[in-house]
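Quick one, fold the following:
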Amino acid sequence: MNTIPVTCSKDCGAGCPLTAVIADGRIVQITDNPLKGDYMLGCPKGYQMHTALDHSDRLRYPLIRTGARGSGRFRRANWDEALQLIAEHIGRRQNGLDGGLPSIMRIGGSGSCRSLVHNTGSLAKRFLSAVGASSSGTYTDTLGNYSSEAADFMKPHLFGPGENDFGIDPRTLLQSEALILLGLNPGDTRFGCRTEQVLAEVKRKGTPVIIIDPRKTRSVRLYASQWIPIRPGTDSVLLSALLYEVLKYSGSSRINSRKGQNSERHIERICNDFNLIREYVLGSADGLVKTPEWAAPICGIDSRTIRRLAELMMEKRPAALLPGLSVQRTLGGEETDRLGLALQILLGNIGVAGGSAGCGQWNYCRKPQIQRIPSRVYASAAAEAPTEAADKAAPALAPKPYGVPVYQWADAVLNPAVYGLTEAVSMIYNVGGNFLGQSADTLKTAAALEQMDFIVTHEHMLTPTAAWSDIVLPASMFLERNDINTANSGLVLYSGQAVEARDDVKDDYEIFRRLASLLGCEEIFTEGRSPDQWLEYLLANSEIKDLKRFKEIGWWEYSGPDSPWIGLSDFIRDPERFPLGTPSGKIELSSASYLESGGSKYPLPQQLITTEDFPLAMVTPHERYRINSQFIDTPALKNLSDDDVWMHPDDAEKRGISSGDSVIIESEIGSIRAEVRITRRIMPGAVSKCQGTYVDTEWLMSALSLREEVPGSGVNVLTSAVPTKPSRGSRSHSIAVEVRKA
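Numbering: from 1, shown residues only. Below you'll find the model as predicted:
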């Protein structure tokens, strides 16, 4: 037996040092890397990665569709035939026939989203950019992401453009006096490979850990000293009431002072417009004082609990407010970021060990000085600088692509003029994305795909989106190639090729190289480098100096004087010497750029409006044993997944529903059938069903052709494609539904 360091490149923010154990050319086990650092730990999904390599459903050769879309009827093709057919469709658009290059839309990208070489998003963009460079054209891209668009949108408005990484190393939480997890469920959804172990130690220390969530999640059981149930989508209302309580005692001895970091003078030094938050909270902006009594009936949290939480945060300092991405995937998710940040400013918890910024992706650490293959192609001067930032000195060979918000891509296909597209999209190139399951409003998604002349998908399995495609190409998995990966926590990880790709499987880079050759732009795409040559080139231009050691142990992290990372610490210590990138050099809670983008001067907390027809608020969390729909067919994980509908006993009794019943969940968008679980682990008035299951393609075909109202499957049958604004991001936790016995 021999071993090799590997790491998962799936759509997860953890980044875990793992080891593949190999015998007779097969991976027999994946374990935690014995050379991993402190607190690092993998997860059940990572340990089962190798079982997908020889799965009975693994795609092993190219497929060309022979039946109706979604029918699953394909014939086997060889690579020359499949690539020639794709090249013909792209070539016609490249030459101005069948529309131009803007009629090609790129979707996908989450199949291998943390890789620096075999990144599914970057490679697809680079290939289409190379095609455009040979014809002075450009394609249509999808911008942003489903996971964190509202938070990512707010970041430059609050802190300025650039890499203002305001996150923290999870190890600094060991210095916290209290933790407040707002919609964060790290026991199921990975937020770094250290987070779970650190939280377990925080609990052992006896530090108060408050988890605020509609559900009593696995994280509540593992880490919490208190669970506070909250009505879905009302997090910004709760934060407003907490701000009111803290403002009442601002400057008094009631707040446990920490070197004056909550003083009026300090706040003025770091934030140029905190007075607007004060006006909003105290009611001078809208005549509505944001008291706990105001918030209680909206949030479903009694006013005494809100006050006690505020008292805890005033007494226990520094405290870390850690939001999950769930709280910004709601209507008004942008305001949750703004108000969480304001609360931590007021309490003096920013930029100090044990504190946090209270917003965004709190686990983002210092970005390592290493880049991925550029997603656009540049003139030859780029050969000395592979980073897109550095390439600004060299002219781009292709125009910047047209772009539409990814959450509204189907709307853009169906209504191109509304989204400013110069021509209708007629071809989709999808690499590593299952949009037919993960996009909001499944029927609208299917209608957009149905309208296409041609769809290409690179995949490992025949997902519903692949089944809706014209050509499906079998792509390699990360265990079958060499790569470098990064993680939100600041780690760089080496993932060696553990086994050879079997059958007729090829990596995405090779697929694009061959297509580029057929289209006359191979040299532009590759710059004369193979994937392994790109890997060595990226490493040679990185801050990692001992490359041999890096490949031996499989991971690297920065260990300079500012490690472990505490975002904004220099700025908080000396804002004049270390200003932010905003016009004022300070945090801007109501920036001019935000107002220009459609944001409001004062916070505007939104809440899901339930009705008599749809009286329940539904959330669609991630499942512990899947990453979206990835791993859905992994035998060791499939039976562990929880895909029941959670419902409180009070709500079930009103409807005559018992545990195990088959129920119909209806929203204004559609309806699905599922099995119900009656549990007090969810608050009254809320229901929950995990996202990430495959949609039934036969039902979709029937629903599209016959317009039948038979309930479907998959929670995105229920979700609306109308985004939260102004970010135009996901609002998939803002669903009003009714549940009835089937």
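
could you point out where the stretch 201-350 of the chain is predicted with low confidence?
Residues of the stretch 201-350 of the chain meeting the criterion pLDDT under 70: 251-262.

Please apply the same query to the stretch 351-500 of the chain.
For the stretch 351-500 of the chain, the stretches flagged by pLDDT under 70 are 380-394.

Let me see the ranges of the helices in it.
409-414, 435-438, 442-450, 464-467 (DSSP state H, counting those that start in this stretch).

Same list, these, but as a markdown table with mean neighbour count please.
Heads up, the C-betas are built off the backbone N, CA and C, glycines and all. What follows is the helices of the stretch 351-500 of the chain, written out as a markdown table (neighbours: other CB atoms under 10 Å):
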| stretch | mean neighbour count |
| --- | --- |
| helix 409-414 | 22 |
| helix 435-438 | 25 |
| helix 442-450 | 22 |
| helix 464-467 | 26 |
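
Determine which of these approaches T51 most closely.
helix 464-467 (19.7 Å; CB to CB).

Quick one: the strands in the stretch 201-350 of the chain, in order.
For the stretch 201-350 of the chain, strands defined by DSSP state E, counting those that start in this stretch occupy the ranges 209-212, 226-228, 319-323.

Buried residues, stretch 217-227. List them.
Residues of stretch 217-227 classed as buried by neighbour count (16 or more other CB atoms under 10 Å): 217-220, 223-224, 227.

Out of these, which sit inside helices?
Using DSSP state H, the members of the buried residues of stretch 217-227 that fall in helices are 218-220, 223.

that older thread, arrange the helices of the stretch 351-500 of the chain in TSV, one row each, with distance to N78 as further columns.
Shown next, in TSV, are the helices of the stretch 351-500 of the chain (distance: least, CB to CB, whole Å):
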stretch	distance to N78
helix 409-414	31
helix 435-438	27
helix 442-450	26
helix 464-467	18
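
Ok, which of those helices comes nearest D273?
Nearest of the helices of the stretch 351-500 of the chain to D273, taken as CB to CB: helix 409-414 at 34.1 Å.

Distance to L247 added to the strands of the stretch 201-350 of the chain, as JSON lines?
Listed next are the strands of the stretch 201-350 of the chain as JSON lines, based on distance: least, CB to CB, whole Å:
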{"stretch": "strand 209-212", "distance to L247": "20"}
{"stretch": "strand 226-228", "distance to L247": "21"}
{"stretch": "strand 319-323", "distance to L247": "16"}
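
what's the most buried one of the ones you listed?
strand 319-323 (a mean of 28; mean count of other CB atoms under 10 Å).

Identify the residue spatially nearest to M452, adjacent ones excluded.
I428 (5.4 Å; CB to CB, 6 or more residues apart in numbering).

now D57
Closest to D57 by CB to CB, 6+ apart is M461, at 5.0 Å.

Please verify my assumption that the one you found contacts D633.
Yes. Between M461 and D633 there is a contact under CB atoms under 8 Å: 6.5 Å.

what residues are shared contacts of the two?
By CB atoms under 8 Å, 6 or more residues apart in numbering, M461 and D633 have these common neighbours: 55, 57.

Quick check, central residue of the chain?
S147 (2.8 Å; CA atoms, centre = their mean).

In three-state terms, label it for me.
Secondary structure, DSSP: H, G, I helix; E, B strand; the rest coil: S147 is coil.

so who does F74 touch?
Shown in contact with F74 (CB under 8 Å, 6+ apart): 63-67, 472.

separation between it and A446?
Counting by CB to CB, to the nearest Å, the gap from F74 to A446 is 18 Å.

Equivalent analysis for Y378, please.
Going from Y378 to A446 by CB to CB gives 38 Å.

Likewise for A296?
Distance, A296 to A446, using CB to CB: 42 Å.

what do you get for A440?
Plainly put, A440 is 12 Å away from A446 if you go by CB to CB.

G13 now?
Between G13 and A446 the computed distance is 29 Å (CB to CB).

ok, back up a step: look up which residues are beta-bridged to the residue nearest to M452.
M105, I455 (DSSP bridges).

so it makes contact with Q451?
No. The criterion here is CB under 8 Å, and I428 misses it with Q451 at 9.8 Å.

Check which residues of the helix or strand E653 falls within are buried.
In the assignment (DSSP states H and E), E653 maps to helix 649-655. Under the neighbour-count criterion of 16+ other CB under 10 Å, helix 649-655 has 651-652, 655 buried.

for stretch 50-62, same thing?
Across stretch 50-62, burial judged by 16+ other CB under 10 Å covers 50-53, 58-59, 62.

cool, and stretch 30-46?
Within stretch 30-46, the residues that count as buried by 16+ other CB under 10 Å are 30, 32-33, 36, 39-43, 45-46.

Closest one of these to G109?
Using CB to CB, the buried residues of stretch 30-46 come closest to G109 at K45, 19.1 Å.

Now do the closest one against P579, distance only.
In terms of CB to CB, K45 sits 42 Å off from P579.

and what of S590?
On the measure of CB to CB, S590 and P579 end up 18 Å apart.

Please identify which of these two sits among more neighbours.
More neighbours surround S590 than the other of S590 and P579, with 21 against 13 (other CB atoms under 10 Å).

Roughly how far does that one sit from G283?
17 Å.

What count of nearby residues applies to the closest residue to Y146 other than its chain neighbours?
Leaving aside its sequence neighbours, Y146 sits nearest to S730 (CB to CB, 6+ apart; 5.1 Å). By other CB under 10 Å, 29 other residues sit near S730.

what's S730 in contact with, if anything?
By CB under 8 Å, 6+ apart, the contact list for S730 reads 146-147, 149-150, 329, 407, 440, 723-724.

got a winner among these for most neighbours?
A150 (29 neighbours).

Provide the backbone phi and psi angles at that residue.
Main-chain torsions, A150, degrees, to the nearest 10: phi -60, psi -40.

you'd agree it is up against S727?
Yes. A150 is within contact range of S727, at 4.4 Å (criterion: CB under 8 Å).

residues shared between the contacts of the two?
Joint contacts of A150 and S727 (CB under 8 Å, 6+ apart) are 333-334.

in what helix or strand does S702 lie?
Per DSSP H and E: helix 697-706 holds S702.

how far away is A150 from E201?
31 Å.

quick one on the thing from earlier: right, and the helices of the stretch 351-500 of the chain - which one's nearest D235?
Per CB to CB, nearest to D235 of those: helix 435-438, 23.1 Å.

ok, Q48 - how many residues close by?
With neighbours defined by other CB under 10 Å, the count for Q48 comes to 16.

E500 now?
Neighbours around E500, by other CB under 10 Å: 10.

wouldn't it be in contact with E480 here?
Yes. Between E500 and E480 there is a contact at 6.7 Å, judged by CB under 8 Å.

pretty sure E623 contacts K638?
No. Between E623 and K638 there is no contact under CB under 8 Å: 10.7 Å.

These two: who's more crowded?
The neighbour count for E623 versus K638, taken as other CB under 10 Å, is higher for E623 (22 against 12).

Excluding chain neighbours, give the residue nearest to L341 in space.
C359 (4.3 Å).

And Q226, by the same measure?
Nearest in space to Q226, with sequence neighbours left out and distances taken as CB to CB, 6+ apart, is I210 at 5.0 Å.

I'd like to know how far that neighbour sits from L309.
I210 sits 7 Å away from L309, going by CB to CB.

thinking again about what came up before, count the neighbours of the residue nearest to L341 for me.
C359 - counted by other CB under 10 Å - has 28 other residues nearby.
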